[in-house]
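1. sequence first, predicted model second:
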Amino acid sequence: MEVRIDRDGCIACGQCVDTCPAVFEIASDGLAQVVRQPDTALEEEVQTAAAGCPVSVIIVEE
């Protein structure tokens, strides 16, 4: 699994960070970013974060 964020559309709500802080963080510019690619143990949390993103900017590729 590979995950990325379309930061141009990010509204910095922090939902992804709240759901999966091991993969996402809020960068110094206030937008979310991926800090590490998930291992298999984090795949479910990443999928939950992607599904819950209010602007659908989390892209998950299998």
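-> Cool, got the structure.
2. look up how far E61 lies from the closest residue to T19 other than its chain neighbours.
-> Counting by Cβ to Cβ, 6 or more residues apart in numbering, T19 lies nearest to A49, which is 4.1 Å off, once chain neighbours are set aside. Using the backbone N, CA and C atoms, a C-beta is placed for each residue, glycine as well. The gap separating A49 from E61 is 14 Å, by Cβ to Cβ, to the nearest Å.
3. look at those two and report which has more neighbours.
-> A49 (25 against 7; other Cβ atoms under 10 Å).
4. what's the first helix or strand after the strand or helix carrying the more buried one?
-> For A49, the host element (DSSP states H and E) is helix 43-52. Remark: after helix 43-52, the chain's next helix or strand is strand 58-61, criterion DSSP H and E.
5. so what's the gap between that next one and the chain middle?
-> 8 Å (Cα atoms, centre = their mean, to the nearest Å).
6. report the mean confidence score over it.
-> Averaged across strand 58-61, the pLDDT comes to 98.
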